Structure formats: structure tokens, C-alpha cells
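# with the input below, show me the fold.
(2 chains)
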Amino acid sequence: MSAWCSAALLCVLAGTAHAQSDALGWLRKIQDATRNLSYSGTFVYQHGGRSETSRITRLASADTERLEVLDGMPRELVRTRDTVRCYLPESRVVKVERRTPDRNFPALLPGELNTLLTNYDISLGGRRRIGGFECQGVVLAPKDNLRYGYRLYADTASGMLVRATTVDAAGNPIEQFTFTQLAIGRVTPEMVKPRHAATGWRVEDAATAPARLAGWSVNAELPGFHKVVELTRRMGESKPVGQLVFSDGLAAVSVFIEPLAPHREPPRTGLASLGAIHIYTREVANHMVTVVGEAPAASVQRIANAVQYRRP
Amino acid sequence: MDGELEGRAADEAFELLRREGEAADSWRLYHLMSDAMQGQRQLVSPRFVEHVAARLATEPAVLAAGALPGRTPFQRLALAAAASLAAVALVGWLAFAPQPQPQPPVARAQPPALTVSLPDAANDYLLAHQGFSPRVSLQGMAPYVRTVAEHPDESAK
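Numbers count the residues shown, from 1 in each chain, chains lettered A, B, ... in the order given. You can find the predicted model right below:
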């Protein structure tokens, strides 16, 4: 009898492990497709009853990607191997973020997919047809309420992520990205060039530099979130701003610290949200602390409340 | 806590409290904790004491009443009430006595956050943050669309 039970349990465990490695295999496939394929497509971003259409084009051989928001205020972003440029034609401003050789953007590396299993249960979802694509579902269910869950659908042929839905603890969608049209290949260098020459526009360079933010710390990290970056940067035309980034491998939370000008009104303490992003602002030691993250409000607030300053 | 909020923020906080929801409950709970920790005033509500006294009055067994000759029923009741108040106070003191912190301060229940509008520089923060989101490796630049239209009214033109 007990032998039967053990055998049955083993089968169940083996089955679970098998399903999990299948799901991880699909995540790897999505990652590879995102990096290695050239593609051009239109996608809809939905959150809180609103939806916004954008066009995305990637030329893999040049490692260049262009994103153009088609609804509302015109915005265009072009990412190359070492810079991200954001063009705002209405205000004639171009914002520049640079990658420096000593500081890689903390992208999720293929070998690190396994580390997601610490905080998420990853399993295969159903198959479904979306926008004309036959898709395989992958479900990332958080192991606690400090992070959101994700339902991903990848094109079975190319591995491209056709739909990504962020869900809260109750399983309700909070935001969703869906390709309504997607073509693999046939991308020319012309297609990823910025539409704007930006001649005479104001350039706002973030001038990021790795740094130790003396005196500042987050006295209790959120379980599963680890500090991945600590730097100083410029934002808009402000004074240097400190930025700390915490990540659990999939979600990231940034802490921005900036000195308050003496004549300025103190910031309003509180929470604002945009899709799956929450922004919590508070004042600490005459500085404005702004925490931005794609995590539940309570998680963002917890990190914000743990920010402290001790005279070094 | 005093003077932390001003103007509109304070008004919103008062409004939340007035609605007698979670905010009001948190408010009362925090004050009770604060009182307990600072050893101020009574630890339980006056009504709680009344309830206990009232309940005692209806108790048939005024405990070893026969063994306390010479006391009027009122005196007996008062004594019993005093005893139970002492017990309540003791329980209260035990419950609220400073205890080792079970978790770091940040892990305590948080009062609900006030909802505010997005900061003026929201797009700068979002752009600065997005570059560090590992999600980019699963869906390219798509998450960068999470920005705010600077002129929501005009954007429809």
C-alpha cells in the first residue's frame, strides 16, 4: 500500500517537475525570440479601462528597437545596444539614457530563469488562439502577495510573446499587452530609425553613474527582492538624483532620492498608480523619496517606508 | 503623527476617517497601541468596563458572598467589579506590555496609503525605472509605453 502511495507521489512529483521544466523551456523560448528575431508589430496596452496602441520594430542584427506610441501624446523611443532615447516632439525634448560598459542593464539572463522559481510557481497554461496566432500559455503564480502574477501567451511557431497579462492576488487582470498584428523578419534599418532628427531639441542626458548613496539605506528589503543597482543620475533638469533598484528577477522597484529645494513645497505623501505600476512618495530627511515599481501597492509602500537616512 | 499632513492631504485623511471604514479602525487601533505603550489613561474603553460591570451585576453567584458578612449587596458588587477590573487591567497590561518585536518595524501592518495624483515628473521616473525592469528581456521595449500623456485633455485632439 505504502509502496503504491510512494509510487503515485513520485509520479505526481515527476509530473510537476516535468510541467515546470516545460514552462521554463517556454520562457527561454520567449526570451530567445525577443532577442534574436527581427519583427514589426502593433500592440495594444490595456489598463484600468483604457487602451493605447503602439508600434514596435526590432532589427536583431543591429540590436536596435523602435517603439512608437500611436495614441495620445506622440512619443517615440529608440533603443540601441548602449542607449535609450525618448523623443517628445511636442516639447521638443529628447531624453537619453546610456548604458556604460561597467554597468549592464539588469536584464533577466537565460541562466537566471531558474531563480524565478524561488518566488513564482511556473506552469504551463492552456493553448489558445490570439490575433491569428496559435499560442501556448505560461503561468507565473507568485508564492506570496508581495508580487503580481503573470499569464503569458507565446506564439508556438516563433516563441514571440503575443499576450502578457499582469494579474493581482485575486487573479484579476491589472494590465495587458496584446499584439494585434505581428510580422517576423523583413525589417530594414530604415524601419528602426527615429522619425525625428531632433535638431535643435533640448537634450536631457540622464548621465547615470554607479555610486554609493552615502547615508541612505533601505533598512528592510522586501522578501525575494534584492538590490541590483545603485547609481546617481539626472532627471529632467533636476539636481542629481540617487536611484536604487530592487528586483525579484521579474518585477523591479526603483527608489529615487532627491534633495528638496528649500523654497519648494514638501511633496504630498501618498500613493499613485498606473496599470501595474505604483508610485509612492514621501519625505525623508529633507529629501523627496519616490518609489516606483511594478508590484502591489503594499510592496511599494513597504519599500518606501523602509528608506532611511543616517548621517554617514 | 502630529503636523505630518497639511492642507488638502489632511482634509483627505479626515474624510477617510469620517467614513468609519478601515481608516477609522486603524486610527483607533494605533491610538490604543500608543496609549498602551506609553502607559497613558485606561487601556480599555470605558464602555468595556461598563459592560463587565453590567454582566457581573446579573451574575447569580456574587462569589463567596456568604463568607463576607456585614457587607451590603452594593459593597459586594463593588468589590467584585473592582476585582474584575483589576483582572482586566492585568490582562490588558500583559497584552500590551512591551514585547520583543516579532518582525522588523517595516513589516508591521501599514495604515492604508492616501491616494494622490501621479507626480508631475512621473514620466521621468517611469523612463528611468523601465530600463531596469527585467521584463524587457521577455517583451522588448513594450513596457516603456507605461508613461503618462502629459496633456491628457489635449492628447485627443
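
# got any ranges where chain B has weak pLDDT?
B:1-10, B:12-14, B:16-110, B:149-157 (pLDDT under 70).

# how does it divide into domains?
Domain assignment of chain B by automatic domain parsing yields the ranges B:7-107, B:122-151.

# who does the closest residue to A:Arg151 other than its chain neighbours bridge with?
In space, and not counting its chain neighbours, A:Arg151 is closest to A:Thr165: 4.5 Å by CB to CB, 6 or more residues apart in numbering or on different chains. All C-beta spots, glycine's among them, are computed from the backbone N, C-alpha and C. Note on A:Thr165: beta-bridge partners A:Arg151, A:Gln176, judged by DSSP bridges.

# what's the burial count for A:Thr165?
Number of residues near A:Thr165 (other CB atoms under 10 Å in any protein chain shown) recorded here: 20.

# now do it against A:Gly126, distance only.
13 Å (CB to CB, to the nearest Å).

# again, but for A:Phe43
Taking CB to CB, one finds A:Phe43 at 21 Å from A:Gly126.

# ok, the two, which is more surrounded?
The neighbour count for A:Phe43 versus A:Gly126, taken as other CB under 10 Å, is higher for A:Phe43 (25 against 9).

# for A:Arg35, see how far away that one is.
18 Å.

# could you do A:Ala198 as well?
From A:Ala198 to A:Arg35 the distance is 27 Å (CB to CB).

# okay, domains of chain A per the record?
A:10-192, A:206-309.

# most tightly surrounded among those?
domain A:206-309 (a mean of 19; mean count of other CB atoms under 10 Å in any protein chain shown).

# next one: that one to chain centre, how far?
16 Å (CA atoms, centre = their mean, to the nearest Å).

# straight-line length of it, end to end?
24 Å (CA to CA, to the nearest Å).

# cool, stretch A:222-230 as well?
16 Å.

# hmm, who's touching that stretch?
A:103, A:106, A:118-119, A:144, A:146-147, A:210-213, A:218, A:221, A:242-248, A:251-253, A:295, A:299, A:302-303, B:132 (CB atoms under 8 Å, 6 or more residues apart in numbering or on different chains).

# so which of the residues you listed are in strands?
A:Pro210, A:Val218, A:Gly242, A:Gln243, A:Leu244, A:Val245, A:Phe246, A:Ser247, A:Ala252, A:Val253 (DSSP state E).

# identify the bridge partners of A:Glu283.
A:Met288.

# contacting residues for it?
Per CB under 8 Å, 6+ apart, neighbours of A:Glu283: A:Leu260, A:Pro266, A:Pro267, A:Thr269, A:Val289.

# can you tell me how far it sits from A:Arg151?
38 Å.

# repeat that for A:Phe225.
22 Å.

# can you confirm A:Ala197 is in a strand?
No - according to DSSP: H, G, I helix; E, B strand; the rest coil, A:Ala197 belongs to no strand; its state is coil.

# and A:Val229, which of the three is it?
strand.

# do you know the pLDDT at it?
pLDDT recorded at A:Val229 is 89.

# dig out what it forms beta bridges with.
A:Val245.

# quick one: it from A:Thr166, how far?
For A:Val229, the distance to A:Thr166 - CB to CB - is 22 Å.

# cool, and B:Pro119?
On the measure of CB to CB, B:Pro119 and A:Thr166 end up 22 Å apart.

# repeat that for A:Leu271.
For A:Leu271, the distance to A:Thr166 - CB to CB - is 17 Å.

# one more: A:Trp201?
34 Å.

# now tabulate the contacts of A:Glu283 in TSV and tack on secondary structure, pLDDT and distance to A:Ile174.
Below are the contacts of A:Glu283 laid out as TSV (DSSP: H, G, I helix; E, B strand; the rest coil; pLDDT from 0 to 100; distance: CB to CB, whole Å):
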residue	secondary structure	pLDDT	distance to A:Ile174
A:Leu260	coil	88	32
A:Pro266	coil	78	30
A:Pro267	coil	82	25
A:Thr269	coil	90	23
A:Val289	strand	96	24
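
# going by residue numbers, what spans are helices in chain A?
Assigned by DSSP state H, chain A shows helices spanning A:2-36, A:297-305.

# mean pLDDT lowest where, among the ones you listed?
helix A:2-36 (a mean of 78).

# which residues touch A:Val162?
A:Ile130, A:Gly131, A:Phe133, A:Cys135, A:Tyr153, A:Ala154, A:Asp155, A:Thr178, A:Phe179, A:Leu182.

# ok, so of those residues, who is nearest A:Leu24?
A:Ala154 (12.6 Å; CB to CB).

# what sits against the closest one?
Going by CB under 8 Å, 6+ apart, the list of residues near A:Ala154 reads A:Trp26, A:Lys29, A:Ile30, A:Ala33, A:Cys135, A:Gln136, A:Val138, A:Met160, A:Leu161, A:Val162.

# which residue is the nearest non-sequential neighbour of it?
Nearest to A:Ala154 is A:Ile30, by CB to CB, 6+ apart, at 5.0 Å.

# and for A:Arg128?
Closest residue to A:Arg128 apart from its sequence neighbours, by CB to CB, 6+ apart: A:Cys135 at 5.2 Å.

# bridge partners for the one you found, pull those for me.
A:Arg128, A:Asp155.

# what's the pLDDT at it?
Reading off the model, A:Cys135 has pLDDT 98.

# hmm, A:Gly126 and it touching each other?
No - checked against CB atoms under 8 Å, the pair A:Cys135 and A:Gly126 is beyond contact range at 9.2 Å.

# what about A:Ile56, distance to A:Ser40?
Counting by CB to CB, the gap from A:Ile56 to A:Ser40 is 7 Å.

# same thing with A:Glu52?
Distance from A:Glu52 to A:Ser40, by CB to CB: 18 Å.

# what's the answer for A:Gln301, then?
Counting by CB to CB - A:Gln301 and A:Ser40 are separated by 39 Å.

# ok, A:Thr290 next?
35 Å.

# repeat for A:Arg58
Distance, A:Arg58 to A:Ser40, using CB to CB: 8 Å.

# what do those two both touch?
Shared contacts of A:Arg58 and A:Ser40, counting by CB under 8 Å, 6+ apart, come down to A:Val187.

# what distance do you get for A:Thr42 to chain B?
11 Å (CB to the nearest CB, to the nearest Å).

# and A:Val167, by the same measure?
Applying CB to the nearest CB to A:Val167 and chain B gives a distance of 14 Å.

# against A:Ala154, how distant is that residue?
For A:Val167, the distance to A:Ala154 - CB to CB - is 17 Å.

# check contacts around the nearest residue to A:Arg79 once chain neighbours are set aside.
Closest residue to A:Arg79 apart from its sequence neighbours, by CB to CB, 6+ apart: A:Glu65 at 4.7 Å. Going by CB under 8 Å, 6+ apart, A:Glu65 touches A:Ile56, A:Thr57, A:Arg58, A:Leu59, A:Val78, A:Arg79, A:Val192, B:Gly140, B:Met141.
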